[in-house]
Structures are given as C-alpha cells and as structure tokens.
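*Asks:* With the sequence up front, the predicted model follows.
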Amino acid sequence: MRITQRIFNAFEGVGMAVDSIRSNKVRAALTIMGVAIGVFVVVAMSSVVRGINESFARDLEAAGPTSFYIYRRPISGFEACDGSDETCPERRNPPLTIEEATALERLPTIKAVTAHLGSGAKFTYKDKQVNTGMEIYTPNWVDVDGGDIYPGRSFTYAENTTAARVIIVNQKLAERLFGTSDPIDKTINVDGVGFKVIGVYHYTASPMGTPTSAGGGDQAKAIVPFETARRSLNPWMRGVDFIVKPEPGVTTEEATDDVTAQLRASRGLRSTAKNNFEIVTQDRLMGIYNKLFGTFFVVGLALSSVGLLVGGVGVVAIMMISVTERTREIGVRKALGATRSAILWQFLVEAATLTSIGASIGLVLGILVAVGIKTAFPAVPASTPVSAVVAALATSAFTGILFGLLPAARAARLDPVEALRYE
C-alpha cells in the first residue's frame with residue numbers, strides 16, 4: 001500500500017473513531033476512562049517517585065558523598081529480622097555511646113562523628129501547643145545536615161557540654177508556635193521544660209526524612225543539644241545512631257573498615273563473632289529505598305493494568321459495533337478495490353485513536369498532579385519523566401491495536417458480496 005493511501009486511511013480511521021464516540025457515548029466514555037485511569041496512575045506515580053528519589057538523594061548528599069551511618073541494629077526494607085521483632089537477636093545489641101563516637105573521631109581517616117537521637121515531644125508557647133518530632137544532635141551536626149540557620153545560630157560545644165537549655169526550631173514549628181513574630185530569645189516549653197529559642201532552621205528534607213530523622217521533611221520539628229536532652233528530657237538512649245564523615249580523600253570503604261575495627265575492638269568482639277552494630281552506606285540506603293518504592297511501583301502498575309484492561313474490553317465492544325454498522329460500507333469499498341490490509345489498517349487506527357484520547361486525558365491529569373504535589377510540597381520536586389510519557393502513550397496505542405485487532409480482522413475478512421447484501 002502506498003504511503004499516501006495509508007495516511008488517507010489513517011485520517012479516515014480517526015474520523016471513524018470520532019463517529020463511534022458520538023454514536024456510542026457511554027461505551028466510549030468507559031473505554032476512554034479506563035485507559036485514562038491506567039495512564040494517569042503510571043504518569044502520576046512516576047512523577048511522585050522521581051521527585052521523592054531526587055529529594056532523598058539530596059538528603060544523602062547533604063551529609064557528604066562518602067558519609068555513612070552507624071545504627072545499633074539492622075535497618076531493612078523487608079527482611080524478617082530487622083530488630084523490631086522481640087525474638088530478633090539484634091535486639092540485644094548494646095547501644096551506641098558518646099564515648100564510642102569520641103573514639104571514632106580520633107581515627108585518622110575520620111573527620112567528624114555526629115551522635116543523633118530521633119524523638120518526639122510536646123512544644124508549648126503561651127496558648128499554642130504542637131506535638132511533633134525532635135532531633136537530638138551533638139554540636140557538629142551542621143557538618144552533616146543540609147540547610148541554613150537564620151535568624152539566629154546553632155548551639156556551641158560549651159552549650160552542649162553544660163547542657164544549656166537552648167533549642168533550634170524549624171520554620172514550620174516557628175510558624176505554628178509564633179506566627180509571624182520573631183521567635184529568637186523566646187522561651188518555649190518542651191515536655192514541660194523551658195528552652196530558649198536561639199535559631200530558626202531552614203531545610204525541607206524528603207517526605208521520608210533524612211536517614212536519621214524523627215519524621216518527614218515537611219513536619220514541624222526542633223533540634224536540641226545532645227547533653228541537654230539527655231539530662232533534661234530523658235530520651236530513649238538505646239536509639240542513638242552516628243553519622244560518620246570521613247576525611248577528604250578517604251573512601252567510604254577505607255573509613256568503614258577502620259570504624260568496624262575500632263568498634264569491634266572496643267566492644268571486645270572475637271574474630272568469629274558477628275558485629276553487634278550496623279554500618280549502612282549511602283549506596284545501601286538507596287538500595288533499601290529503591291526496594292521499597294519498587295514494590296510500591298509494581299502495585300501501581302498492577303492497578304494501571306486493570307484500567308487498561310477495562311479500556312481494552314471497551315475497545316473490542318465499540319469496534320465490533322462499528323464493524324457491524326459499517327458492514328455495507330466495507331462491502332462497497334471492497335467492491336471498488338480496497339484491499340484487506342487497507343480495511344485492517346483503517347480499523348486499527350480507529351481503535352488506537354480511542355485509546356490515545358484516553359491516554360491524553362490521563363497524561364494531562366498525571367502532569368497536573370505532579371505540578372500540584374510540587375507546589376504543595378516543595379521538598380518533592382515532582383516532575384514527569386519523558387520516559388513515562390512515551391511509555392504511557394505507547395502502551396495506550398498498543399492496547400488499542402491489540403484489542404482492536406479482532407474486530408479489524410473481522411472487518412478485513414468480510415466477503416464483499418455478503419457485505420453488500422447486509423441491511
């Protein structure tokens with residue numbers, strides 16, 4: 001078939017699709033809606049996952065490209081024994097201590113070790129009260145956490161050593177407690193204990209939070225000196241973790257080897273004994289993250305497939321009706337010399353047009369959701385990947401062709417004499 005003839009038949013197929021929509025509004029609407037839902041799920045999920053992925057990667061980069069984390073017990077996406085089960089042997093692991101952090105910081109390959117503890121508290125100022133997360137850090141936390149403090153400042157080593165009751169609030173907590181007024185030097189109660197606000201922290205982490213945070217990045221939260229919290233707020237000290245930053249030029253592998261050797265020696269572990277602590281590199285964290293969201297994405301694809309299946313069944317129904325209504329027209333065209341391939345092509349284009357309309361609607365809705373999420377949650381730079389757009393449109397077209405093949409083949413096989421007799 002000549003190219004010009006194919007193009008003509010394609011336009012005619014599009015026109016037939018429009019006619020089918022007009023004459024079968026309910027069936028066409030269900031078909032378009034099914035495909036639109038399928039495409040919408042794929043595009044929206046791809047946009048959100050991409051945004052969270054970029055946000056989480058940014059959180060890891062804030063600590064430095066070679067930094068890693070030390071936990072009392074394993075973290076995992078799906079492993080059965082991750083320390084949360086009472087029968088898990090890792091529950092007996094001793095907690096990490098400030099003395100161990102100090103010893104690690106003396107290693108020649110280590111630049112800084114930040115002790116951290118995630119907790120929660122009730123924050124009160126006058127008649128306003130907020131229950132939210134609290135980050136407890138040693139003073140060098142600014143070296144491993146992104147963001148800025150303005151107005152105000154961070155706490156000093158002296159303030160940490162003397163357990164001074166000073167606190168840094170993030171912008172969201174400042175707004176909820178103080179509104180538009182300046183929070184600096186004001187006193188707030190943290191679980192009934194008075195703290196002086198010395199700074200406002202500006203940084204929005206990913207919705208999952210940083211690898212050591214007490215909550216998502218869009219939550220109100222506060223930062224308190226480690227010694228202050230230990231003496232005044234009685235946090236759960238067995239939950240302490242470390243953020244380790246190697247010296248410039250030292251690889252993550254070199255640093256983790258030194259840290260492992262130091263911790264094993266200080267804890268008196270035999271050569272055959274397992275580590276009673278867990279070192280987690282950024283690559284491993286990303287692996288756990290991808291595992292979690294990979295499963296989430298597979299579930300989304302399954303839901304998307306249901307929508308496309310509904311759309312495909314609708315295509316079969318509409319196309320069968322279209323073939324029946326155009327039986328006499330097909331007979332005339334065949335009598336005038338139209339080939340089977342020309343008839344087949346025309347009806348396949350009609351089917352693909354129906355699903356493409358649904359795909360376009362789903363694509364627009366998915367992009368709008370991405371824009372809405374990016375506007376509502378600045379920490380999630382949601383954007384629609386080009387690959388998701390191409391995949392969505394290609395899948396919808398394939399769905400139309402696949403489910404439209406049977407009706408199109410039926411039309412192409414019609415006997416012209418029998419078709420002309422059809423009333």
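*Replies:* Received, thanks. Numbers count the residues shown, from 1 in each chain.

*Asks:* And stretch 140-151, what's buried?
*Replies:* 140, 141, 142, 144, 145, 146, 149 (16 or more other C-beta atoms under 10 Å). In this view, the C-beta of every residue, glycine as well, is placed from N, C-alpha and C.

*Asks:* For that stretch, what does the pLDDT average out to?
*Replies:* For stretch 140-151, the mean per-residue pLDDT is 83.

*Asks:* now for it, what's the gap between its first and last residues?
*Replies:* Taking C-alpha to C-alpha, to the nearest Å, the first and last residues of stretch 140-151 lie 19 Å apart.

*Asks:* now do stretch 143-150
*Replies:* Length of stretch 143-150, first residue to last, C-alpha to C-alpha: 16 Å.

*Asks:* from the chain's centre, how far out does it sit?
*Replies:* 23 Å (C-alpha atoms, centre = their mean, to the nearest Å).

*Asks:* still on that earlier bit, ok, so of the buried residues of stretch 140-151, who is nearest residue 240?
*Replies:* residue 141 (13.2 Å; C-beta to C-beta).

*Asks:* In contact with the closest one, which residues?
*Replies:* Contacts were defined as C-beta atoms under 8 Å, 6 or more residues apart in numbering; by that measure residue 141 touches 114, 116, 135, 154, 223, 243.

*Asks:* Specify the strand with the largest residue count in the protein.
*Replies:* In the chain, ranked by residue count with DSSP state E as the criterion, the top strand is strand 110-125.

*Asks:* quick one on the thing from earlier: show me which of the contacts of residue 141 is closest to residue 32.
*Replies:* Of all these, residue 135 has the smallest distance to residue 32: 48.7 Å, by C-beta to C-beta.

*Asks:* That closest one against residue 220, yeah?
*Replies:* No: under the criterion of C-beta atoms under 8 Å, residue 135 lies out of contact with residue 220, with a separation of 11.8 Å.

*Asks:* neighbour-wise, which of those two wins?
*Replies:* A count of neighbours by other C-beta atoms under 10 Å puts residue 135 above the other of residue 135 and residue 220, at 24 against 19.

*Asks:* Okay, and that one sits in which element?
*Replies:* Taking DSSP states H and E as the definition, one finds residue 135 inside strand 128-137.

*Asks:* what does residue 75 give?
*Replies:* Here residue 75, judged by DSSP H and E, is contained in no helix and no strand.

*Asks:* Does anything pack onto the following helix or strand past the strand holding residue 135? Which helices or strands?
*Replies:* Proceeding N to C from strand 128-137, the next assigned helix or strand is strand 148-152, under DSSP H and E. With contacts defined as 3 or more C-beta pairs under 8 Å, 6 or more residues apart in numbering; DSSP states H and E, the packing partners of strand 148-152 are strand 193-202.

*Asks:* Give me the contacts around the strand it packs on.
*Replies:* Here strand 193-202 has contacts from 147-155, 165-171, 174, 183-189, 223-224, 232-233, using C-beta under 8 Å, 6+ apart.

*Asks:* and it, C-alpha only, in CSV?
*Replies:* Once side chains and other backbone atoms are set aside, the C-alpha atoms of strand 193-202 remain, and they are given as CSV (Å, rounded to 0.1, in the frame of the first residue of the first chain):
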residue,chain,number,x,y,z
VAL,A,193,10.9,22.1,80.5
GLY,A,194,11.7,25.6,79.5
PHE,A,195,14.1,26.2,76.4
LYS,A,196,15.3,29.4,74.9
VAL,A,197,15.0,29.6,71.1
ILE,A,198,18.4,30.5,69.5
GLY,A,199,17.8,29.8,65.8
VAL,A,200,15.4,29.0,63.0
TYR,A,201,16.4,26.1,60.8
HIS,A,202,15.5,26.3,57.1
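
*Asks:* For it, which residues meet the burial criterion?
*Replies:* Result for strand 193-202 [16+ other C-beta under 10 Å]: buried residues 195, 197, 198, 199, 200, 201.

*Asks:* Name whatever forms a beta bridge with the second one.
*Replies:* With DSSP bridges as the criterion, residue 197 is bridged to residue 167.

*Asks:* one step back: which of the contacts of residue 141 sits closest to residue 25?
*Replies:* When the contacts of residue 141 are compared for distance to residue 25 (C-beta to C-beta), residue 135 wins out at 56.8 Å.

*Asks:* any idea how far residue 267 is from that closest one?
*Replies:* The spacing between residue 135 and residue 267, counted by C-beta to C-beta, to the nearest Å, is 26 Å.

*Asks:* now stretch 23-31, how far from the centre of its chain.
*Replies:* Centre-to-centre, stretch 23-31 and its host chain are 35 Å apart (C-alpha atoms, centre = their mean).

*Asks:* How about residues contacting it?
*Replies:* Outside stretch 23-31, the residues touching it (C-beta under 8 Å, 6+ apart) are 20-21, 310-311, 314-315, 317-318, 321, 325, 354-355, 358.

*Asks:* quick one: which of the residues you listed is nearest residue 73?
*Replies:* Distance to residue 73 across those (C-beta to C-beta) is lowest for residue 310, with 45.6 Å.

*Asks:* Low-confidence regions, the chain specifically.
*Replies:* Within the chain, the ranges that satisfy pLDDT under 70 run 1-17, 20-21, 24, 62-63, 76-87, 89, 146, 204-218, 379, 419-423.

*Asks:* mind giving me the domain split of it?
*Replies:* 3-58+288-421, 94-276 (automatic domain parsing).

*Asks:* Can you check which of those gets nearest to residue 67?
*Replies:* domain 94-276 (4.8 Å).

*Asks:* related to what we said a few turns ago, report all helices and strands that the longest strand of the chain contacts.
*Replies:* Using 3+ C-beta pairs under 8 Å, 6+ apart as the contact criterion, the neighbours of strand 110-125 among helices and strands are helix 98-105, strand 128-137, helix 171-178, strand 187-190, helix 226-232, strand 241-246, helix 252-266.

*Asks:* With distance to residue 334 as added columns, please give those in CSV.
*Replies:* Listed next are the helices and strands packed on strand 110-125 as CSV, based on distance: least, C-beta to C-beta, whole Å:
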stretch, distance to residue 334
helix 98-105, 83
strand 128-137, 72
helix 171-178, 70
strand 187-190, 84
helix 226-232, 84
strand 241-246, 75
helix 252-266, 71
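
*Asks:* Just name the most buried of the ones you listed.
*Replies:* Each of the helices and strands packed on strand 110-125 was assessed for mean neighbour count using mean count of other C-beta atoms under 10 Å. The highest is strand 241-246, with a mean of 24.

*Asks:* mind listing what it pairs with, with the direction of each?
*Replies:* Partner strands and pairing direction for strand 241-246 (DSSP bridges) are strand 68-71 (antiparallel), strand 110-125 (antiparallel).

*Asks:* And the residue nearest to residue 232 when sequence neighbours are not counted, how far from residue 221?
*Replies:* With sequence-adjacent residues excluded and distances taken as C-beta to C-beta, 6 or more residues apart in numbering, residue 232 is closest to residue 193, at 5.2 Å. Taken as C-beta to C-beta, the spacing of residue 193 relative to residue 221 amounts to 17 Å.
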